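Undergrad: Sequence and predicted structure are below.
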Amino acid sequence: MYESGNFNNLDPNKFNSSGRPDKKLYGENVVVRNKSYEYHSDTVSIGTWILILLGTGIPIVNIIVIIGLSFGSQNETLRNFGKASLILLGIGIVLAVLLGGCRGF
């Protein structure tokens, strides 16, 4: 078993499906050929999700929350959630404008 640290001669057969060194074999932090592979928890707590969902449920505030998540969050999961929400929000606005014009008001 290898310890955490710098390894220049990693066995190419011991990489996981995403192309990163298997952390079970090489430890938590692995540096390979000037590339840093750091394994850390990107888990978002239930309390954080509750606050995000409450914030996105309030009109006008939801736009601020989604933009903040998309561009201000350090967590990749929250950034992806924010970007996906922005895309869906944009699609919803376009559909509302298009379908609103069909009503004839």
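TA: Structure's in. What do you need? Residues are numbered from 1 along each chain as shown.
Undergrad: Where does the prediction get shaky in this protein?
TA: 1-41, 104-105 (pLDDT under 70).
Undergrad: can you list the domain ranges for it.
TA: 5-38, 46-102 (automatic domain parsing).
Undergrad: Any idea how far apart the tips of the last one sit?
TA: Distance across domain 46-102, first residue to last, is 41 Å (Cα to Cα, to the nearest Å).
Undergrad: residue ranges for the strands of this protein, please.
TA: Here the chain has its strands, by DSSP state E, at 5-6, 29-32, 35-38.
Undergrad: who's in contact with stretch 71-84?
TA: With contact meaning Cβ atoms under 8 Å, 6 or more residues apart in numbering, stretch 71-84 is reached by 42, 44, 48, 52, 66-70. Where C-beta positions appear, they are placed from N, C-alpha and C, glycine not excepted.
Undergrad: Now with 6 Å, please.
TA: Applying Cβ atoms under 6 Å, 6 or more residues apart in numbering, the external contacts of stretch 71-84 come out as 42, 44, 66, 69-70.
Undergrad: residues of stretch 74-87 that come out buried?
TA: For stretch 74-87, a neighbour-count test (16 or more other Cβ atoms under 10 Å) marks 78, 81-82, 85-86 as buried.
Undergrad: for this protein, what's the longest helix?
TA: helix 76-102 (DSSP state H).
Undergrad: coming back round to it: of all the buried residues of stretch 74-87, which comes closest to Ile93?
TA: Set against Ile93, the nearest of these by Cβ to Cβ is Leu86 (10.5 Å).
Undergrad: quick one: that closest one from Gly47, how far?
TA: 23 Å (Cβ to Cβ, to the nearest Å).
Undergrad: Gly57 too?
TA: 16 Å.
Undergrad: And Ala96, by the same measure?
TA: 32 Å.
Undergrad: now do Val65
TA: For Val65, the distance to Gly47 - Cβ to Cβ - is 15 Å.
Undergrad: Identify the residues contacting stretch 85-100?
TA: With Cβ under 6 Å, 6+ apart, stretch 85-100 has contacts from 66, 70.
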